[in-house]
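**Q** Show me how the following folds:
(chains A and B)
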There are 2 protein chains.
Amino acid sequence: MSDSPLRVAIVGLGTVGTGVARVLCEHPDRMTNRAGRPIELRRAVVRDLSKPRDIELPAGVLTTDLDKVIRDPEIDLAVHLVGGLHPAKEILLALLDAGKDVVTANKAIMCEFGAELFERAREKKRTIAFEAAVAGGIPIIATLSQSLQANQITAIEAILNGTSNFILTEMLACGRPFADVLRQAQALGYAEADPTMDIDGTDTAQKLVLLTQLAFGTTVSLSQFTRQGIDALELADLYYAGELGYTVKLLALAKLQNQKLEMHVQPTLVRSDRPLAKVDGPHNMISLVGDVVGQTWYAGPGAGQMPTASAVLADVIDMAIGRAQLTFERMTQQYLSEPFPVQPAEEIASRYYLRFNAVDRPHVFADITHILGKHGISLASVIQHEAPELDENHASSESIVPLVVMTHRTTAGRLQAADGELAELEALRQPRVYMPVAD
Amino acid sequence: MSDSPLRVAIVGLGTVGTGVARVLCEHPDRMTNRAGRPIELRRAVVRDLSKPRDIELPAGVLTTDLDKVIRDPEIDLAVHLVGGLHPAKEILLALLDAGKDVVTANKAIMCEFGAELFERAREKKRTIAFEAAVAGGIPIIATLSQSLQANQITAIEAILNGTSNFILTEMLACGRPFADVLRQAQALGYAEADPTMDIDGTDTAQKLVLLTQLAFGTTVSLSQFTRQGIDALELADLYYAGELGYTVKLLALAKLQNQKLEMHVQPTLVRSDRPLAKVDGPHNMISLVGDVVGQTWYAGPGAGQMPTASAVLADVIDMAIGRAQLTFERMTQQYLSEPFPVQPAEEIASRYYLRFNAVDRPHVFADITHILGKHGISLASVIQHEAPELDENHASSESIVPLVVMTHRTTAGRLQAADGELAELEALRQPRVYMPVAD
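**A** Predicted structure coming up:
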């Protein structure tokens, strides 16, 4: 191992970058002790020098000029904290081309362009590390790429978006509808000003793609699996699920079934006594099943300045020690192995929770069960509730009753086909709710 | 990285060794893919060749002669699965002396002789890896020695003994006393024929010593902190704790407080809504607090053949890749850093749960509070219960009432001093129960 300092540039000094810089500046001795050599913050690239910052950096570190990093051959490592797809991707490629190793927290580019970025790094004999891209402070990338390597992972089930989990927790705890709680989450800083990617499941799906790549070797695109967020969830369904002994979570699932990969991101009913159901607030949890180890769980802060900085700095230390390079080499080799194919969404089997809003008149329930039966969907249990006062969407002069149905195992395809016919039933009102039930 | 095979010997083919051998023999392609080179099982050292085994090994692998490993220069790595202190320690030293890297699952020798074993490995330029020594399939050694390296760990709270946790879970769930449930645990294979080390807290304490070494750099001996098992726990206290909103767990604690290390292994009241309280059955859970990341949790099977084999094999793969060597080099350097001193047991502050069995007559309670008050111990709440029918220990002609007291923060030393006087109270019967309450 070299005793010379590892010279680092931070590209993008936002919330996380500031956290990383703070630890480097406040704990230089700790970093040296852990990394076996000093870690020197040489540059921090920002868009606007005049912006007020929470941190005082040594003179000459701040710059608006990325070229000061690219063209400095003494800088070994770039901490890439630029969000979004473009120019984040181009910046990362430029850093690799300039001979820098890269630590990134950008899940979106790793999800969309992972293969290309990995390939470029291989060409240039550089290393990319991305512990911070999934689940913030929880070391799930290290766990998959290192600690569970004796296993074939057979299932990932995870809560990967803190904003969504916070909103679901609050809706249920306070009996307040989605839109209300979202505003509160924004006020508390748990949700972005534009929370679209968090609540529509995109953020979760991007993270699942990264975990799936590591666990199963399969490169999956977002278009290959069902992705649904919490933005259309009604409070009523959280209550009905609770009555049945379940908690609704925005669950990311990737499971090996008959040598095929079943994946989806959907609001899902999780049995309330399972660890994943008990994760409250903005926390993340990942459950991994391996064919040797069995089931293990990892939980903690999935986002935020310092948790994410902790993950970034773990990668920086791994780079300084030389571990990250060894891990990345194995990872890129495994990319070349035979992957498992993705099961088409319509063939994925599950039990389902269904809710219908039916006009209160004879034969409606018979019509529903007839249509479901025609498509081979059998019912495990049915609850007919009195008309709820839970929200105002159903206020009308007709008497509407909610019908909650739990099915036996069926496929998403059958359910979709049945839904086509259910949509024609004159006695059903919007919405028709379908949620899978975790095994 | 070398493409030549990593040649491995397993020393001790018991339950875990058989699991390790099985994965190596059944999944050679997986191992080669993960390790970047073949992993070849060259020898398995056993005591008795004629013993029936669950696994068929290639001809010539089984041997009773440790020298076949020691004297074979082609063997790179020994998987050391010999239990107990002696000759396990001497075997490990002999393997290092013979130039072998060593993967061990033996927490007892790592706890008792860690510094000596590390020193010998450094001298011989060899590596020791011991992921399997703590918490079975949960990658807690990797998390502490790698993933959370940017942090100063400030608190470890953990359930590290599956046998004890299983017994506590069953006692409470089935309302059965300790001795009954222990017999059941032995029948189910959750407890050894001789469960002493599991239930008296020794196993937990040894694991805590290893985690403390990694997290705080301090070498602690078992004699430096309070160690108490679950063997004297009465069912009544599990119920009373529950009434107060707590669950009793055999908790391992190591916490940085004013730059000193507070440690103990004791049955402890954990608030029932905390993740640690919800860990049921033979599982383990570790909570780590770091000054950068905040709190994270790790849970899974803490023992058993295949979970432990998963951890052993992660170390074997890390050795094949060269990561384990880098990690060990950093670890041994950190051994040399300034450690935090251990806080003397009597100075550790905590809230406490107390239970007294008092003869039902006037002034007893006043006498107790007087003694506690004299020692500066103030009461947060008191519950006087009717005489329980929970177990037979208190059957007598006198009328005995249990008094349950929750104190404000006090020190173990004050409580001990008060107990000396309480022991003299003529109206108190055995036992006097004291359990700390987790913050």
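
**Q** Could you pull up phi and psi at the residue in chain A sticking out farthest from the centre?
**A** Distance from the centre of chain A peaks at A:Pro362, with 44.3 Å (C-alpha atoms, centre = their mean). Dihedral angles of A:Pro362 (phi, psi; degrees, to the nearest 10) stand at phi -60, psi 160.

**Q** what about the residue most central in space within chain A, helix or strand, and which?
**A** Against the mean C-alpha coordinate of chain A, by C-alpha atoms, centre = their mean, the closest residue is A:Thr204 at 2.7 Å. If you go by DSSP states H and E, A:Thr204 is part of helix A:202-216.

**Q** do the same with A:Gly413
**A** Under the criterion of DSSP H and E, A:Gly413 resides in helix A:412-422.

**Q** Just the pLDDT for A:His385.
**A** The score at A:His385 is 72. That number is its pLDDT.

**Q** what sits against the residue lying closest to it once chain neighbours are set aside?
**A** Closest residue to A:His385 apart from its sequence neighbours, by C-beta to C-beta, 6 or more residues apart in numbering or on different chains: A:Pro402 at 4.7 Å. To be clear about C-beta, it is placed using only N, CA and C from the backbone, and glycine gets the same treatment. A:Pro402 makes contact with A:Ala236, A:Tyr240, A:Arg355, A:Phe356, A:Asn357, A:Ala358, A:Gln384, A:His385, A:Ala387, A:Pro388 under the criterion C-beta atoms under 8 Å, 6 or more residues apart in numbering or on different chains.

**Q** now do 7 Å
**A** By C-beta atoms under 7 Å, 6 or more residues apart in numbering or on different chains, A:Pro402 lies in contact with A:Ala236, A:Arg355, A:Asn357, A:His385, A:Pro388.

**Q** so where is chain A shaky, pLDDT-wise?
**A** The model of chain A has pLDDT under 70 over residues A:1-2, A:335-338, A:387-397.

**Q** can you pull the contacts of A:Lys68?
**A** Contacts of A:Lys68 by C-beta under 7 Å, 6+ apart are A:Arg43.

**Q** and it, which of the three is it?
**A** Local secondary structure at A:Lys68 is given as helix here, using DSSP: H, G, I helix; E, B strand; the rest coil.

**Q** Any figure for the gap between it and chain B?
**A** For A:Lys68, the distance to chain B equals 25 Å [C-beta to the nearest C-beta, to the nearest Å].

**Q** Next, count neighbours for A:Ala412.
**A** For A:Ala412, the neighbour count with other C-beta atoms under 10 Å in any protein chain shown is 22.

**Q** That one reaches A:Pro344, doesn't it?
**A** No. A:Ala412 is not in contact with A:Pro344 according to C-beta atoms under 7 Å; the separation is 9.0 Å.

**Q** Pipe the contacts of A:Pro402 into TSV and attach distance to A:Arg429 per row.
**A** Listed next are the contacts of A:Pro402 as TSV, based on distance: C-beta to C-beta, whole Å:
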residue	distance to A:Arg429
A:Ala236	13
A:Arg355	11
A:Asn357	4
A:His385	14
A:Pro388	13
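
**Q** Now, those that are in strands?
**A** Counting by DSSP state E, the part of the contacts of A:Pro402 found in strands is A:Arg355, A:Asn357.

**Q** Could you point out which of the contacts of A:Pro402 is nearest to chain B?
**A** A:Ala236 (25.7 Å; C-beta to the nearest C-beta).

**Q** coming back round to it: what helix or strand is the residue nearest to A:His385 on?
**A** strand A:400-407.

**Q** who in the stretch 51-200 of chain A is up against chain B?
**A** A:Gly137, A:Ile138, A:Pro139, A:Ala142, A:Thr143, A:Gln146, A:Ser147, A:Leu148, A:Gln149, A:Ala150, A:Asn151, A:Gln152 (C-beta under 7 Å from any C-beta of the partner chain).

**Q** Let's see that with 10 Å instead.
**A** The stretch 51-200 of chain A has residues A:131, A:135-143, A:145-152 near chain B, with proximity defined as C-beta under 10 Å from any C-beta of the partner chain.

**Q** how does chain A divide up, domain by domain?
**A** Domain assignment for chain A by automatic domain parsing gives A:6-136+A:307-335, A:140-299, A:346-437.

**Q** can I get those in JSON lines with distance to B:Leu222?
**A** As requested, these are exported to JSON lines (distance: least, C-beta to C-beta, whole Å):
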{"stretch": "domain A:6-136+A:307-335", "distance to B:Leu222": "27"}
{"stretch": "domain A:140-299", "distance to B:Leu222": "28"}
{"stretch": "domain A:346-437", "distance to B:Leu222": "48"}
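
**Q** Which one of those domains lies nearest to B:Ala309?
**A** Distance to B:Ala309, taken as C-beta to C-beta, is lowest for domain A:140-299 among the domains of chain A, at 6.1 Å.

**Q** So which residues make contact with stretch A:366-380?
**A** Taking contacts as C-beta atoms under 10 Å, 6 or more residues apart in numbering or on different chains, the residues outside stretch A:366-380 that touch it are A:351-352, A:354, A:356, A:358, A:363, A:382, A:403, A:405-411, A:413-422, A:424-428, A:432, A:437.

**Q** And that stretch, what's buried?
**A** Neighbour counts over stretch A:366-380 (16 or more other C-beta atoms under 10 Å in any protein chain shown) mark A:Asp367, A:Ile368, A:Thr369, A:Ile371, A:Leu372, A:His375, A:Ile377 as buried.

**Q** Could you do stretch A:55-72 as well?
**A** A:Leu57, A:Val61, A:Leu62, A:Leu66, A:Val69, A:Ile70.

**Q** Restricting the selection to alpha carbons, write that stretch to CSV.
**A** Extracted C-alpha coordinates of stretch A:55-72, given in CSV (Å, rounded to 0.1, in the frame of the first residue of the first chain):
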residue,chain,number,x,y,z
ILE,A,55,-18.4,24.7,5.4
GLU,A,56,-15.1,26.5,5.3
LEU,A,57,-12.7,24.9,2.8
PRO,A,58,-9.0,25.6,2.5
ALA,A,59,-8.1,28.4,0.1
GLY,A,60,-7.9,27.3,-3.5
VAL,A,61,-10.1,24.1,-3.1
LEU,A,62,-13.3,25.6,-4.4
THR,A,63,-13.5,26.0,-8.2
THR,A,64,-16.2,26.2,-10.9
ASP,A,65,-13.8,24.7,-13.4
LEU,A,66,-14.1,20.9,-13.9
ASP,A,67,-11.0,21.1,-16.0
LYS,A,68,-9.0,21.8,-12.8
VAL,A,69,-9.8,18.2,-11.8
ILE,A,70,-9.6,16.7,-15.3
ARG,A,71,-6.2,18.2,-16.1
ASP,A,72,-4.6,17.7,-12.7
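
**Q** so the helix or strand harbouring A:Leu372 versus helix A:412-422, what angle?
**A** Assigned by DSSP H and E, A:Leu372 belongs to helix A:364-374. Interaxial angle, helix A:364-374 versus helix A:412-422 (axes from the mean of the first three to the mean of the last three C-alpha atoms, to 10 degrees): 140 degrees.
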